[in-house]
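Visitor: Please find the sequence and the predicted model below.
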Amino acid sequence: MQFETLSDFLLMDGHGVFVWAVYALTSLVLITLAVVPFRRSRQFWIEQTMRIKRERRE
């Protein structure tokens with residue numbers, strides 16, 4: 001490794017704040033892109049199940 005200590009690695013000669021902020025933002029976006037469609041799909045199936053149950057009662 002090019003860094004002597006873990007602290008040097010995290011600080012990256014003063015650029016660490018920006019580097020780690022970009023990693024955090026990218027991770028947040030990727031997680032959001034994975035979770036939102038899953039939740040929408042789940043909600044869609046719940047609504048469809050409720051709709052079918054209502055139609056059967058009528």
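Guide: Arrived safely.

Visitor: Does the residue nearest the centre of the chain belong to a helix, a strand or coil?
Guide: For the chain, the residue nearest the mean C-alpha position is residue 31 (1.5 Å; Cα atoms, centre = their mean). Recorded secondary structure, residue 31: helix (DSSP: H, G, I helix; E, B strand; the rest coil).

Visitor: Also residue 18?
Guide: helix.

Visitor: Against residue 31, how distant is it?
Guide: 20 Å (Cβ to Cβ, to the nearest Å). Glycine gets a C-beta too; all of them are placed from N, C-alpha and C.

Visitor: what's the answer for residue 22, then?
Guide: Using Cβ to Cβ, we find residue 22 at a distance of 15 Å from residue 31.

Visitor: Check residue 49 too.
Guide: Taking Cβ to Cβ, one finds residue 49 at 27 Å from residue 31.

Visitor: Let's verify residue 2: helix, strand, or coil?
Guide: When classified by three-state DSSP, residue 2 comes out as coil.

Visitor: Per-residue pLDDT of it, please?
Guide: pLDDT for residue 2: 82.

Visitor: For it, which residues are in contact?
Guide: By Cβ atoms under 8 Å, 6 or more residues apart in numbering, residue 2 lies in contact with nothing.

Visitor: For it, give its distance to residue 24.
Guide: 22 Å.

Visitor: Ok, residue 38 next?
Guide: As for residue 38, its distance to residue 24 is 21 Å (criterion: Cβ to Cβ).

Visitor: What of residue 42?
Guide: Going from residue 42 to residue 24 by Cβ to Cβ gives 26 Å.

Visitor: all helices for the protein, in order.
Guide: Remark: helices assigned in the chain by DSSP state H are 6-11, 16-57.
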